Structure formats: C-alpha cells, structure tokens
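1. predicted model follows, preceded by the sequence.
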Amino acid sequence: MTDQLLDHARRYADAHADRDGVAATPVAGLVILRETAPTMLQYAISKPLVALVLQGGKRVTMGSRTFDFGAGESLLITTDVPTVSQITRASRVLPYYSLVLELDPAVIGDLVGQIGPAPFEAAQPVRVDPTEAEMADTALRLLRLFDRPATLAVLGPQLSRELHYWLLIGRHGGAIRALGVADSHAQRIARAVALLRAHYAEPVRIDALAKAAGMSLSAFHVHFRSITSLTPLQFQKQLRLIEARRRMLAQGEAISDVAYGVGYESVPQFTREYGRLFGQPPARDVREARAQMNVAAG
C-alpha cells in the first residue's frame, strides 16, 4: 500500500510541481511536496496540518525540540506555531515526497459532534509518529481519483473527511479534537493568533488579545504559552522577523525598509533580533540564502 501511495504521489507531483516543489491538487487543503535536493532552512508560522512523508527525510524544529523523520512517518501540527524546517534527504534519483493536508476545524467540529467527547490531552503542538495504515489507505484511495474528476467531485470530500476521522480516533485525537470544539482553549487562542497575524506590525496590546480570546489576562498568558510554546510578545517577534526575511528574499526589500515595515523602531534593534533568530545578520543571511537558491535552481 505504501509503495502504491508513493507511486501515485510521484506521478502527480512530477507532472504538476511548481518551481518551489509544491504540487497543488484538486482537493482543498491538500498538496504534494517534491524536492530533488536537500533544502535550506525554512522559517514559518505553521498552521494545523498533517504531513505524510512517502520518501526522503525532513527535520522540523519548534522551540528547543527537533524532530527528524522520514518515509513511513507523519508530522502532526495541532496549532499555529513558529517552526524551522529543512528537507534533509532528497536527490534526483530519490526525491523527497510528502502529502500535506491542512486540518479543517469545521470538519473536525462536525466529526466531534458524532464521535463524542474525548479525554483532555496536554498540548504538544508538534509530534511525529508512524503513519497509521488507515491514513495511508484513505490517502491512496483519494489520489487514485485525481484522474477521474467527476468521481473526485463526489467522493473527494468524503475521503478528506475520512482522513480527519482517522486522525481524530488515533493516538493524538484528544489534541486534534480541541480544534473543532466550540469555545475550547485552542479555538480561543486561535482567535488571538489571528489578531496577531493581522496586526503583527503594530504595538501588541495584551488586553486586546485576551479580550479576543475571551479570557482574563492571567488565564490568557497561561493558555497562550501552553498552546503555542511562546508568549504573545515572542510570537509577534517571530511573526515580524519571518515576514521580514520573506520580503527581503522574495521582494528584494532593503533592510531598513523592511525593518520599519514590520514594526521595528530602529534598524539596530531589528538586526540584533534577526541575528538571534536566524543565526546571522540579515544581509549575510539573505546573501547566503539567495546563493543556495541559485545553486538549487541551476
């Protein structure tokens, strides 16, 4: 079954992957990733998702925890968290392939209503485990329909729902269910995170974030850190710096312009904090990142 899933994913990704190695699919929220060489470090605020690695290997770091995983394993992220990722095993002969599905809170909420409550599970935003056979089987049946658009239109949503179902009754179902439970701590903090994302360049007002989450200040601080592993100010700082790096790499913005553009009051402060997160000053980091991209493109 695993070999069949890899074969279907390979054929689709080889035909449809863009220059960034992303193959969009006809299924909402589902993409196939393909890389033919190890990548540079990628910094992002990841949304809740599950990634089934079919070939190759990847490393993901969240805070002080690092996860190395490969074919036959799945990465599960259950909340918006800053991550550093890198594909570590990939080549032209044996490319890296993975299926990535964004988790849909609406589908989860509907399924939770049918399945019923589950025991509370302490927050661990990022986990890696062996891919369960039911997940691989459902994914294979879904990919087989890519060449049958009329059938995919009817059965695709059901199979996507089935993927969510297997996650919900799996070993980490308790954490995933929180995404679909109305007014859960996870959903409340998600509202605060959405506010931070929308206004990351503005001075953060903790009372406004707590109000968006419907929590007291003390409860908000506790639950925000429990779910995201960061304080609100640390989360905003990483949002700003990740966006700054993206602008310099993708749009070629000058360091001073991007520093003020993401909300910093001085370039020296921006440079210091950028170096702490990315390991070197912005000019050197961007120069080396571009050089790596040029090597990969060539």
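-> Here it is on my side, so go on. Numbers count the residues shown, from 1 in each chain.
2. if you count contacts, what does the helix or strand containing L167 end up packed against?
-> Using DSSP states H and E, L167 sits in helix 149-168. Judged by 3 or more Cβ pairs under 8 Å, 6 or more residues apart in numbering; DSSP states H and E, helix 149-168 is in contact with helix 105-115, helix 133-143, helix 173-177. Using the backbone N, CA and C atoms, a C-beta is placed for each residue, glycine as well.
3. next, the angle from the first helix or strand past the last one going along the chain to helix 105-115.
-> What it means is helix 173-177. On the C-terminal side of helix 173-177, the nearest following helix or strand under DSSP H and E is helix 185-198. Here helix 185-198 runs at an angle of 180 degrees relative to helix 105-115 (axes from the mean of the first three to the mean of the last three Cα atoms, to 10 degrees).
4. which helices and strands sit right next to helix 185-198?
-> When contacts are defined as 3+ Cβ pairs under 8 Å, 6+ apart, helix 185-198 packs onto helix 206-213, helix 217-228, helix 232-251.
5. so for the shortest one, what gets flagged as buried?
-> Residues L209, A210, K211, A212, A213 are the ones in helix 206-213 that count as buried (16 or more other Cβ atoms under 10 Å).
6. go on, the last one?
-> When burial is assessed from 16+ other Cβ under 10 Å, helix 232-251 yields the following buried residues: 232, 235-245, 247-248.
7. low pLDDT regions in the stretch 101-250 of the chain?
-> Along the stretch 101-250 of the chain, segments meeting pLDDT under 70 span 117-123, 180-183.
8. just to revisit the earlier point, would TSV of the helices and strands packed on helix 185-198 with distance to P268 be doable?
-> Formatted as TSV, those follow (distance: least, Cβ to Cβ, whole Å):
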stretch	distance to P268
helix 206-213	26
helix 217-228	28
helix 232-251	14
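9. mind checking which of those helices is nearest P282?
-> Nearest to P282, of all the helices and strands packed on helix 185-198, is helix 232-251, at 6.6 Å by Cβ to Cβ.
10. next, the residues that contact the closest one from outside, please.
-> Residues from elsewhere that reach helix 232-251, judged by Cβ atoms under 8 Å, 6 or more residues apart in numbering: 43-45, 82, 192-193, 196-197, 200-201, 204, 206, 209, 221, 224, 228, 230, 253, 255, 258-259, 261-264, 270, 273-274, 277-278, 282, 285-286, 289-290, 293.
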